[in-house]
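*Asks:* okay, here's the prediction I keep looking at, along with the sequence it came from:
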Amino acid sequence: MRRRPKYSILKKTKLAQSSRVYDQVNLYGCTIGKNTKIDAFVYVEEGVTIGDNCKIRPFVFIPTGVTIEDNVFVGPSVTFTNDKYPKAHGEWKLLETRVKRFASIGARSVINPGVTIGENALIGSGSVVTRDIPDNAIAFGNPARVVNRKVPLHVTSTRPRNTRGSLQG
Ligand SMILES: CC(C)(COP(=O)(O)OP(=O)(O)OC[C@H]1O[C@@H](n2cnc3c(N)ncnc32)[C@H](O)[C@@H]1OP(=O)(O)O)[C@@H](O)C(=O)NCCC(=O)NCCS
């Protein structure tokens, strides 16, 4: 971690030295791998694992039961969930969710509990993912449906020269 994030709470968290946590982040009882970036206003609950080289953009919510493998991109305001029939009181059943390596989740998507997002899959912005998404698939919409397209292998960067920081949303 390069500098101390301001107004962030990091409790009982295993955070690799090379990872970076920004301001106003809440990490509790989770594990975060190497070279992972956790942007501002991210909230991560107990038992969550986030792998190496991930990018977690601002305002993401990751509750207990979620596992994020290496090299995953989670867009701004993505919400994960862990209880299919939530209520304020009484028993509840935790459903586990997994995002496999190299997957990307578009901005403001909601991931219903218990799904697996496949390796290198891409979820379009604003999607509601209610079923498993296969490896290498592009899926979007509410509910998210796989479309007949492949994730492009290389996308040329349009980042202007001499610009500091990440321009990727
Ligand atoms: C899903 C996605 C990869 C599709 O890209 P694409 O294959 O180039 O598709 P196109 O833009 O050509 O759109 C194809 C069709 O799908 C629709 N579409 C595209 N993305 C959509 C989405 N997220 N939700 C609903 N419909 C979508 C388009 O409206 C278009 O419909 P039309 O043919 O009726 O006009 C892209 O739109 C997307 O959502 N990327 C994620 C962006 C993001 O959140 N980035 C995070 C960093 S800021």
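*Replies:* Here it is on my side, so go on.
*Asks:* and the chain, which residues reach the ligand?
*Replies:* Neighbours of the ligand within the chain, by C-beta under 6 Å from any ligand atom: 75, 106-107, 122, 124-126, 138, 140-141, 149, 168-169. C-betas here are computed from N, CA, C, even on glycine.
*Asks:* which ones are touching residue 27?
*Replies:* 8-11, 13, 15, 21, 38, 42, 44 (C-beta atoms under 8 Å, 6 or more residues apart in numbering).
*Asks:* which of these fall in strands?
*Replies:* Cross-referencing the contacts of residue 27 against strands under DSSP state E gives 9-11, 15, 21, 38, 44.
*Asks:* next, give me the two most distant ones among those.
*Replies:* Comparing all pairs in the ones in strands among the contacts of residue 27 by C-beta to C-beta, the longest separation belongs to 11 and 38, at 14.2 Å.
*Asks:* who has more neighbours, those two?
*Replies:* residue 38 (29 against 10; other C-beta atoms under 10 Å).
*Asks:* next one: stretch 146-153 to chain centre, how far?
*Replies:* Using C-alpha atoms, centre = their mean, to the nearest Å, the mean C-alpha position of stretch 146-153 is found 20 Å from that of the whole chain.
*Asks:* quick one: contacts of that stretch?
*Replies:* Taking C-beta under 8 Å, 6+ apart as the rule, stretch 146-153 contacts 120-122, 133-134, 136-140.
*Asks:* ok, those residues vs the ligand, which is closest?
*Replies:* residue 140 (3.9 Å; C-beta to the nearest ligand atom).
*Asks:* SS state for residue 76?
*Replies:* Under DSSP: H, G, I helix; E, B strand; the rest coil, residue 76 falls in the coil class.
*Asks:* can you select the buried ones from the contacts of residue 27 in PyMOL?
*Replies:* Buried subset of the contacts of residue 27, written as a PyMOL selection, criterion 16 or more other C-beta atoms under 10 Å:
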select buried, resi 8+10+13+15+21+38+42+44
